[in-house]
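> Just to be clear, the model below is a prediction. Sequence and coordinates:
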Amino acid sequence: MRRTLMAGLGLALLAGIGGCLDLEEKLVSNLSNEYVKTQAGLTAGVNAIYQQLRGYYGREQQMALGDFGTDIWTNGDQVAGGAQAWFYLNDYSSGLTSTDGRIQELWNPLYTLIARANVVLDAAPSVPEGGAMSAAEKAGRVAEAKFLRALAYFELVQHFGDVTLNLTSGALSTEAERTPAADVYAAIIKDLEDAIPDLPVTQAEWGRAHKGAAQHLLAKVYLTRGYKQFGQGNADFQQAVTNAQAVVNNAAYALTPVYADLFCGTHTADQNAPDPNRQGFCNILNYNEKQPEILFSVQYSYTAAQVLGPQCNNTAGVCGNYLHLAYLSRYDGDATLAAGLPRDLNNGRPFRRIRPTPFLIGLFDKTRWTGTPGQSDILDTRFDGTFQTLWIATATGTNPAEACPNCTSGAALAPGDTAMWMPGYQVSDEFRRSKKYVIYVPCPLEVVNVTTAPECGQNNKSIRRYGWEVGPSVKKHQDNGRTGGFQDELGGRDVILMRTGETYLILAEAQAKLGQNQAAADAINVLRARAASAAHKGDWRQFMEVKASDISLDFIMDERARELAAESSRWTDLVRPGPDYFVARVKRGNREASANVAARHALRPIPQQQINGVTGAPYPQNPGY
């Protein structure tokens, strides 16, 4: 098979690789093919593959291609013009073409990763065994490389369909051809099935792939292939069940007991920030990134040793996790928004790239309270584990006592007081007038054209409704551990890619496809039991238990939204059942996308840089682009 141009360019002798704190590898320069044939070189080569994950995961393109343009996410006001005018990834308008930089930034880093994996795998047979590296340790390193190559190809084939399959390093070439997706899936499955026997159940070095991560990924690959015309239908779904059960039945990968603890620590006394029901900002200063439920995460740190290269969008070459910027609401810098809230490290630097749709907010309404929304206690903790809805004043100020819905009591705020609250339900004018803080409530409709529905447009802050500038902030990526102050773009927290909570949902979807609805309900109920608040651990079934009769693909997708919101898998989740399902769900939940989304959008355009760089036979573009 001919090599892709991008994979060839991605080799670059694997030079200038930076360090990852958890893997504790040293900076390696001039990582040549001959060096990889040594024991130390094999480990360094595998570490270089891990580091390349940071070329895509944790970058803006992960958010833009993982969540944008789906039923539960739409663009924020800062993706609306000027330098950030790429709202077409959300509304599927005419600007969505093969020249989009974010699509290129998915293709290039992953093919570079594949190129690095191929160098390692080609060199591995020449690596001697014994002494510092046993045969089992060598086999484990090879298995890690196969896992990482499978992960990259799975990402590519989901987004682009037929892609160039290259499993050897070989000579560089500018000729390339696309391999049928069926063959790509077969190669992914072979890599994972080869890797699983040689991977340990856990790794001493956090961040390395282990058996559970590979079984989780293999279950998802089989689940996805089962929907395809070239797939094996129920046989694939059964394989998904088998591999998912191997994970959920292994105590080494147990669920974190408290959902919010997956992403955030609790507030500390010195932060002067009361956090009832954990509605406030995400504190990671006492957060544990090394939890059994986290099957695989991309490693970041707060050191300047994270050198990856220009794909990190930083002139110094330092690569940090960017996602903490993208999912935030505005809370600062506008006196009409809320008093007492200058920008600070805890609440973050809000780039406002993406925001939840009203459809997503409504999905939580169905499980969040034990009674009428807002009039009884919280049941499902996943909303507050996902979103920040409470902002505490860090400065003095006063919100004017204007006409409602802008009305407040007009009393002065002091640091430590509530400054802004987004309860998730409607409140009365009387309630607003009794509080000195401002209150924002959900918007029941969402339309692009403000003039046709002035009560629910894009910018709703003047009527105190969620909109494209103001709304719940996602906590799962917030990072108050950044060392450069509140303006710092370089986050250091890890990016969670796989966790046992999703494994249960993969299991449930595969069981549903096999007609095993009660088993699917049982799998989801494990997550609902965990999601129940402490006050309702004993009676959660009365309000939240899933029955076999509830199970459908739409129900499971709704549950995936509640459990996995902002974990960057929504676009591929909706595409998995096929283009028609994808279009129907986007139209159902994303009003800004509903006019343009079409079946062709269930594949991304092949990057134009790839097409232009290929010599010989033309490199085919996906239909409609």
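Good, I have the coordinates.
> CA only for contacts and neighbour counts going forward, please
OK.
> Which helix runs longest in this structure?
Counting by DSSP state H, the longest helix found in the chain is helix 135-160.
> all strands of the stretch 1-150 of the chain, in order?
Ranges of strands in the stretch 1-150 of the chain, per DSSP state E, counting those that start in this stretch, are 73-75.
> re the thing from before, other SSEs contacting the longest helix of the chain?
Applying 3 or more Cα pairs under 8 Å, 6 or more residues apart in numbering; DSSP states H and E, one finds that helix 135-160 makes contact with helix 39-52, helix 101-123, helix 181-195, helix 211-226, helix 570-575.
> let's see 7 Å
Here helix 135-160 touches helix 39-52, helix 101-123, helix 181-195, going by 3 or more Cα pairs under 7 Å, 6 or more residues apart in numbering; DSSP states H and E.
> Need those in TSV (columns: mean neighbour count and mean pLDDT).
Converted to TSV, the helices and strands packed on helix 135-160 look like this (neighbours: other Cα atoms under 10 Å; pLDDT from 0 to 100):
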stretch	mean neighbour count	mean pLDDT
helix 39-52	24	94
helix 101-123	24	96
helix 181-195	20	98
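> now for those, which one comes closest to residue 283?
helix 39-52 (25.9 Å; Cα to Cα).
> Can you list the neighbours in contact with that closest one?
17, 35-36, 109, 113, 116-117, 120, 124, 127-128, 133, 141, 145 (Cα atoms under 7 Å, 6 or more residues apart in numbering).
> got a list of what residue 387 touches?
Here residue 387 is in contact with 472, 473, 474, 475 (criterion: Cα under 7 Å, 6+ apart).
> SS state for residue 337?
coil (DSSP: H, G, I helix; E, B strand; the rest coil).
> What is the burial count for it?
Look at residue 337: counted by other Cα atoms under 10 Å, it has 20 neighbours.
> which residues does it contact?
By Cα under 7 Å, 6+ apart, the contact list for residue 337 reads 331, 461.
> Could you report the pLDDT at it?
For residue 337, the model assigns a pLDDT of 92.
> Roughly how far does it sit from residue 408?
Separation of residue 337 from residue 408 (Cα to Cα, to the nearest Å): 12 Å.
> What of residue 619?
Taking Cα to Cα, one finds residue 619 at 61 Å from residue 408.
> do the same with residue 291
On the measure of Cα to Cα, residue 291 and residue 408 end up 43 Å apart.
> just so I know, which of the helices and strands packed on helix 135-160 lies nearest residue 268?
Nearest of these (Cα to Cα): helix 39-52, 32.8 Å.
> what angle do the closest one and helix 101-123 make?
160 degrees (axes from the mean of the first three to the mean of the last three Cα atoms, to 10 degrees).
> May I ask which helix or strand of the chain has the lowest mean pLDDT?
helix 5-11 (a mean of 35; mean pLDDT, DSSP states H and E).
> Flag the shaky bits of the stretch 101-250 of the chain, pLDDT-wise.
Counting by pLDDT under 70, the stretch 101-250 of the chain contains no low-confidence segment.
> now the stretch 401-550 of the chain
Where the stretch 401-550 of the chain drops to pLDDT under 70, the residues are 445-455.
> And the helices in it?
429-433, 500-513, 517-531, 540-544 (DSSP state H, counting those that start in this stretch).
> The longest one - contacts with which helices or strands?
When contacts are defined as 3+ Cα pairs under 7 Å, 6+ apart, helix 517-531 sits against helix 500-513.
> Between helix 517-531 and the helix it packs on, find me the angle.
Between helix 500-513 and helix 517-531, the angle comes out at 160 degrees (the same axes, to 10 degrees).
> Report the buried residues of stretch 608-617.
For stretch 608-617, burial by neighbour count (16 or more other Cα atoms under 10 Å) applies to 608, 609, 610, 611, 614.
> Hmm, I typed the wrong one, I wanted stretch 431-449.
432-433, 435-443, 446-447.
> Run a quick neighbour tally on residue 83.
Residue 83 has 8 nearby residues by other Cα under 10 Å.
> Then residue 239?
19.
> quick one, what contacts it?
Residue 239 neighbours (Cα under 7 Å, 6+ apart): 219, 222.
> got it, and residue 300?
Neighbours of residue 300 in contact, by Cα under 7 Å, 6+ apart: 20, 320, 321, 492, 493, 494.
> buried subset of those residues?
20, 320, 321, 492, 493, 494.
> does the fourth one really touch residue 320, like I thought?
Yes: when contacts are counted by Cα atoms under 7 Å, residue 492 is listed as touching residue 320 (5.9 Å).
> Need the max-distance pair from the contacts of residue 300.
Between any two of the contacts of residue 300 (Cα to Cα), the greatest distance is 12.7 Å, for 20 and 321.
> Could you verify that residue 295 is part of a strand?
Yes: assigned with three-state DSSP, residue 295 falls within a strand.
> when you give positions from now on, start the count at 47
Happy to do that; since the first residue is 47 now, the last one works out to residue 341.
> Tell me, how many residues neighbour it?
Under the criterion other Cα under 10 Å, the count of neighbours that residue 341 has is 30.
> coming back round to it: dump the helices and strands packed on helix 181-206 to JSON lines, plus distance to residue 549.
Output for the helices and strands packed on helix 181-206, formatted as JSON lines (distance: least, Cα to Cα, whole Å):
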{"stretch": "helix 85-98", "distance to residue 549": "22"}
{"stretch": "helix 147-169", "distance to residue 549": "24"}
{"stretch": "helix 227-241", "distance to residue 549": "16"}
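> do you know which of those helices lies nearest residue 419?
Here helix 147-169 is closest among these (Cα to Cα), at 39.0 Å.
> roughly how far out does the closest one sit from the chain middle?
Centroid separation between helix 147-169 and its chain, computed with Cα atoms, centre = their mean, to the nearest Å, is 20 Å.
> what angle sits between that helix and helix 181-206?
Angle of helix 147-169 versus helix 181-206, following the same axes, to 10 degrees, is 150 degrees.
> elements contacting helix 147-169?
helix 51-57, helix 79-82, helix 85-98, helix 106-112, helix 181-206.
> 10 Å - rerun?
For helix 147-169, the packing partners by 3 or more Cα pairs under 10 Å, 6 or more residues apart in numbering; DSSP states H and E come out as helix 51-57, helix 79-82, helix 85-98, helix 106-112, helix 181-206, helix 654-659.
> and those helices as JSON lines, adding distance to residue 284?
Formatted as JSON lines, these follow (distance: least, Cα to Cα, whole Å):
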{"stretch": "helix 51-57", "distance to residue 284": "34"}
{"stretch": "helix 79-82", "distance to residue 284": "38"}
{"stretch": "helix 85-98", "distance to residue 284": "30"}
{"stretch": "helix 106-112", "distance to residue 284": "27"}
{"stretch": "helix 181-206", "distance to residue 284": "19"}
{"stretch": "helix 654-659", "distance to residue 284": "37"}
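> which non-adjacent residue is nearest residue 509?
Leaving aside its sequence neighbours, residue 509 sits nearest to residue 451 (Cα to Cα, 6 or more residues apart in numbering; 5.9 Å).
> Please list all residues in contact with that neighbour.
Shown in contact with residue 451 (Cα atoms under 10 Å, 6 or more residues apart in numbering): 473, 474, 475, 478, 479, 484, 485, 486, 508, 509, 510, 511.
> Please consider this matter closed, and thank you.
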